[in-house]
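Colleague: Sharing a model that was predicted from the sequence below.
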Amino acid sequence: MAAAGSAGLVVGVATGWVVGGLWAAVATWTLPRILGTTGVSRRDVERVEGIAGWTEMLRDTLAAAAGLEQSIMATAHTAPIGVRPQIQGLAVRLASGRRLAAALRQLADELADSTADLVIGALILASEHQARHLASLLGELAATARTQVEMRQRVEASRARTRTTVRVVVTTTLVFAGGLVLLNPVFLEPYDTATGQLVLLLIGTVFSTAFAWLNRMSRIEQPERFLAPRQPTGGSADAIDGARREASR
């Protein structure tokens, strides 16, 4: 916010354009998100990989005739890095005496991932209804999570070219506009009038919309979760009903 305000003030004073200062502030606020790296996507992939790895660890621990809570406690400190903080938090809640189903629902809220919902929904059903063949089910869910990782990596690779195009278009536009302001201010004198400011507002709106559209095209749409965040009334029951329907499939 400080950088955006400073940029808007500097541009507004240097050009005498109120609208120019406004767009400079908006650009400083939003461009890092548009031109930045794909760290969020990488974290998503790492989280799904972590879910797959932890599911496999639970499967192997359960195969050794350990209970579900004991398996969770045993795998907390060796869980994959992508989900280790959340799994350790789950273990702490269980150690403090919290019911397993409630602790798992909180884990689902913390991970906020559709693939995690599949695993956690199965664990909730197992904790409440003593599901049979849980180890084999977890193995199948782990394989599903691995498939999700491969799919997201392929999609991420295909979107990399679009992200590069977005950066090139945005950078070229800004460099061209800045060059005009610094090297040919006479060409921009019509914008000094009130009508010119309105036109500049319209132009900025068009470019901002185009940049936002390009940025949206480069993003990966995440699948909808079925284990929805808990609501004050009825949310938990709805989440469990969704988990049961998915597990039945």
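Modeller: Thanks, I have it. Residues are numbered from 1 along each chain as shown.
Colleague: And this structure, what are its domain boundaries?
Modeller: When the chain is parsed with automatic domain parsing, its domains come out as 13-38+157-217, 41-152+223-248.
Colleague: So which elements touch the helix or strand where residue 182 lies?
Modeller: Element membership of residue 182, judged by DSSP states H and E, is helix 134-183. Helices and strands touching helix 134-183, by 3 or more CB pairs under 8 Å, 6 or more residues apart in numbering; DSSP states H and E, are helix 18-35, helix 39-63, helix 114-129, helix 194-217. Where you see a C-beta, it was placed from the backbone N, CA and C, and this is true even at glycine.
Colleague: thinking again about what came up before, is it possible to export the domains of the chain to TSV including distance to residue 7?
Modeller: Converted to TSV, the domains of the chain look like this (distance: least, CB to CB, whole Å):
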stretch	distance to residue 7
domain 13-38+157-217	4
domain 41-152+223-248	28
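Colleague: most packed of these?
Modeller: Ranked by average neighbour count under the criterion mean count of other CB atoms under 10 Å, the domains of the chain are headed by domain 41-152+223-248 at a mean of 18.
Colleague: what residues are up against residue 26?
Modeller: Contacts here follow CB atoms under 8 Å, 6 or more residues apart in numbering; on that basis residue 26 touches 4, 204, 208.
Colleague: gap between it and residue 185?
Modeller: Computed as CB to CB, to the nearest Å, the residue 26 to residue 185 distance reads 22 Å.
Colleague: just to revisit the earlier point, want to throw the helices and strands packed on helix 134-183 into JSON lines with mean pLDDT?
Modeller: Supplementary listing: the helices and strands packed on helix 134-183 in JSON lines, determined by pLDDT from 0 to 100:
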{"stretch": "helix 18-35", "mean pLDDT": "83"}
{"stretch": "helix 39-63", "mean pLDDT": "84"}
{"stretch": "helix 114-129", "mean pLDDT": "87"}
{"stretch": "helix 194-217", "mean pLDDT": "85"}
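Colleague: and these as a markdown table, adding distance to residue 179?
Modeller: What follows is these, written out as a markdown table (distance: least, CB to CB, whole Å):
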| stretch | distance to residue 179 |
| --- | --- |
| helix 18-35 | 15 |
| helix 39-63 | 31 |
| helix 114-129 | 46 |
| helix 194-217 | 16 |
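Colleague: Looking at these, spot the one closest to residue 93.
Modeller: helix 114-129 (13.1 Å; CB to CB).
Colleague: Just checking the distance from the closest one to the centre of its chain.
Modeller: Using CA atoms, centre = their mean, to the nearest Å, the mean C-alpha position of helix 114-129 is found 22 Å from that of the whole chain.
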